[in-house]
Every structure is written in structure tokens, then in C-alpha cells.
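Peer 1: give me a model of this one.
(one chain, ligands or ions: 1)
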Amino acid sequence: MKDIVAIYPGSFDPVTNGHLDLIHRGSKLFDRLIVAIARNMDKGDPLFDMEERKDMLEAMTSELDNVTVDIFDGLLVSYCIQKNANAVLRGIRAVSDYEFELQMALMNRKMEPRVETVFMMPAEKYSYLSSRIVREVAKLGGPLSGLVPELVEERVRQKIAQRQVSAAGTHLK
Ligand code: PNS
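Peer 2: Residues are numbered from 1 along each chain as shown. From the prediction side, this is the model:
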């Protein structure tokens with residue numbers, strides 16, 4: 001049997017318990033799993049920079065021997081070939097995810113037929129969870145327990161507090 005190396009790509013701004021659930025499932029299925037943070041996504045106003053996201057992901061996956069964390073630029077399929085990966089892992093939470101995921105998987109397959117996309121479902125208790133929801137709830141002062149690990153919650157709170165201080169400073173000028 002050949003080794004199956006999978007890439008789990010995403011923005012991870014920040015990593016949520018839903019992502020971690022999928023990483024644990026993926027680490028059992030694949031020989032190696034590379035969690036790959038996409039750089040320079042046109043995604044509005046990011047909360048964390050790439051290194052901060054990587055640092056949190058590494059802290060939360062350190063006990064999984066076959067999981068590594070990396071940052072990539074450009075096309076996902078080119079990164080897969082560069083890493084000798086044969087699979088892309090993506091999570092599907094609800095039917096609403098399916099359309100975009102199908103489009104992405106088929107486009108990736110058209111560009112690089114050697115790479116298969118594998119979909120997995122996170123635990124249903126995370127089916128409503130996303131990084132965007134976490135950022136929004138945190139900015140509005142809502143509770144994050146159960147949505148992200150404690151370390152991530154702390155960093156999100158610190159980041160939002162820092163932003164509020166610098167926004168207040170700008171207003172005073
Ligand atoms: O966490 P996200 O935002 O759902 O992840 C989306 C991601 C990073 C997987 C996707 O945008 C991606 O693969 N970006 C890399 C650039 C690329 O290959 N684009 C073509 C996709 S068909």
C-alpha cells in the first residue's frame with residue numbers, strides 16, 4: 001500500500017473546534033496530514049496573521065504525530081504536487097457547504113487529476129460553527145466556550161482588546 005498524504009487547506013482565522021475535530025478524524029485515516037493555511041486570501045479583514053494562525057494550530061495538534069502545519073501560497077493543487085500529496089481533505093458541515101465544495105473539488109480535479117478531494121463530516125455539534133461566526137461573536141463580546149480551545153479563546157480576546165485600544169487611539173488623534 002502506498003502512503004496517503006493529505007492536505008487539509010483553509011484560512012483557519014482562527015482554528016475552531018470543528019477544524020480540530022476534522023484534523024483528528026483525518027489523522028486516523030491518512031498516513032500523513034498537512035494542515036495548510038492559505039496565504040493572501042481575499043477575505044476581508046483578517047483577525048490573525050499567518051504566523052499567529054500557524055502557532056495556534058501547532059499548539060493544538062502537537063500530540064498528533066502524523067500532523068504538521070504549514071503556510072502555502074498560490075494554487076492548492078500546485079502545493080499538493082510540491083508536497084507529494086495525493087488527497088485534499090475538506091469538511092462538509094451542511095448541505096449549504098456542498099455547492100462551493102463541489103465547485104472547488106471539480107476545478108481542482110480539472111487542474112490536477114492526480115489529487116483526489118475527500119470530504120469528511122465533523123461532529124454534528126459543530127455543524128453551525130465557522131471561523132467567521134467565532135470572529136463576529138468575539139467582536140460583539142459573546143461567549144466562545146465550546147467553539148474554540150481555551151488558548152485560542154484567550155488569543156482572540158487579546159487581539160480584539162488590542163484592536164479596540166488602537167481604534168480608540170486613532171479616534172483621539
Ligand atoms: O477555510 P476556507 O476559506 O474555506 O478555505 C478555502 C481554501 C483556502 C481551501 C481555498 O480558497 C483554496 O484552496 N485557496 C488556494 C488557491 C486556489 O487553489 N484556488 C482555486 C480553488 S478551485
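
Peer 1: what residues does this protein put near the ligand?
Peer 2: With Cβ under 6 Å from any ligand atom as the criterion, the chain meets the ligand at residues 9, 10, 11, 38, 41, 75, 76, 104, 107, 108. Quick note: C-beta positions are derived from backbone N, CA and C, even for glycine.

Peer 1: residue 12 and residue 53 touch, don't they?
Peer 2: Yes: counting by Cβ atoms under 8 Å, a contact exists between residue 12 and residue 53, whose distance comes to 4.9 Å.

Peer 1: give me the common contacts of those two.
Peer 2: Residues touching both residue 12 and residue 53 by Cβ atoms under 8 Å, 6 or more residues apart in numbering: residue 37.

Peer 1: contacts for the helix or strand of the chain with the lowest mean pLDDT?
Peer 2: Considering only helices and strands, the least confidently modelled element of the chain by mean pLDDT, DSSP states H and E is helix 150-172, at a mean of 89. For helix 150-172, contacts defined as Cβ under 8 Å, 6+ apart pick out 14-16, 47-48, 52, 56, 59-60, 134-135, 138-139, 144-145, 147-148.

Peer 1: great, nothing more from me.
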